[in-house]
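Asks: whatever this is, show me its structure:
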Amino acid sequence: MFITIHSLIASVSLTALGSQNTTTHFVTEFVLLGFPGPREMQNFFFSLILVVYLLTLLGNGAIVCAVKWDRQLHTPMYLFLGNFAFLEMWYVSTTIPNMLANILSDTKTISFTGCFLQFYFFFSLGTAECFFLSVMAYDRYLAICRPLHYPSIMTGKFCLILVCVCWVSGFLCHPVSIVLISQLSFCGPNIIDHFVCDPGPLFPLVCIPVPSTELICYTVTSINIFGPFLFILGSYILVLRAVFRVPSGAGRTNTLFIQIFIIPHLSLRLFEIFKQCDIVFFVTLVYSVVTPLLNPLIYSLRNKDMKDALRRVLGLGINQN
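Replies: The predicted structure is shown next:
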């Protein structure tokens, strides 16, 4: 679809420019600069990112298997966590394989269609991730602040609806932005100073400035970031207020995923709406490569139920202490 749209726009634009005796080269592929530095540094980045990628797949895959096969984890909290871990596996796979290939490549090119497909899935999965974080925060809010109403609200049917809403909504938020940007004419240069196809570096490459399209895209991005962030922040404040009233450490354990993962993750995503390239590059690297690795570390190493489930799934047994 993207090839057809782009070819149509390019041919129309070429006809119009030809009538004005003007010759313009239209972009059919982009160059992702990725990580700068000598070959030794490139090899270091490749090895490091490859290890992180494999560990991320292994850790999140273990969570998915534990939630699926251990009946003791068939609760709303772990249902959301299992879907979130599954999402993380796909999320890192939208960028890291291409990133690794580009590090080893001399050309570092990505096709027009491939760029926008990566753009779509990267942002759609990232948005779905924010929605899942919101649902997980809401689940913990109910469990801690409304424990008597929790069983009647978080029913199996309601949980399934929330999971479907997170997945579907994430993929419905960005088609408009994708279509609008893909219909633009890119005259060159075709160099993107990033390791992923991001709208920020793409807009300067268009033939004619399109402030209305930029405004629409950044508005959609801002809503997808600030909406879940404010919702989670509100839940976080209410949960903390309830937790500090609990004398035991049980309540504090339930808020670990908020304190260590959700708030820092969404705080990093806020920088997306700014145009400082260095900040965006670093922040994107953190939440697209590093943060997904933290998910299994937080939930498996600090959660007793998850550790016990992993032992049962792996057939290691459980030591009673």
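Asks: nearest the middle, which residue of the protein would you pick?
Replies: Closest residue to the average C-alpha location of the chain: G126 at 2.7 Å, with Cα atoms, centre = their mean.
Asks: for it, give me the pLDDT.
Replies: Looking at G126, its pLDDT is 88.
Asks: buried sites along the helix or strand harbouring it?
Replies: G126 belongs to helix 112-145 when elements are defined using DSSP states H and E. Within helix 112-145, the residues that count as buried by 16 or more other Cβ atoms under 10 Å are 112-113, 115-145. Heads up, the C-betas are built off the backbone N, CA and C, glycines and all.
Asks: now do it: distance to the chain's middle.
Replies: Chain-centre distance of helix 112-145: 6 Å, with Cα atoms, centre = their mean, to the nearest Å.
Asks: next one: stretch 216-233
Replies: 13 Å.
Asks: ditto for stretch 41-48
Replies: On the basis of Cα atoms, centre = their mean, stretch 41-48 sits 23 Å off its chain's mean C-alpha point.
Asks: and for it, what's in contact with it?
Replies: Residues external to stretch 41-48 that are found in contact with it (Cβ atoms under 8 Å, 6 or more residues apart in numbering): 35, 37, 100, 103-104.
Asks: repeat that with 6 Å
Replies: The contact list for stretch 41-48, computed with Cβ atoms under 6 Å, 6 or more residues apart in numbering, reads 35, 100, 103.
Asks: and L202, that's in a strand?
Replies: No. L202 sits outside any strand when classified using DSSP: H, G, I helix; E, B strand; the rest coil, being helix.
Asks: so what does the strand or helix carrying I216 touch, helix or strand wise?
Replies: Per DSSP H and E: I216 is located in helix 211-243. Using 3 or more Cβ pairs under 6 Å, 6 or more residues apart in numbering; DSSP states H and E, the elements in contact with helix 211-243 are helix 112-145, helix 175-182.
Asks: switch the cut-off to 10 Å
Replies: Under the contact criterion of 3 or more Cβ pairs under 10 Å, 6 or more residues apart in numbering; DSSP states H and E, helix 211-243 touches helix 112-145, helix 175-182, helix 199-202, helix 250-254, helix 263-269.
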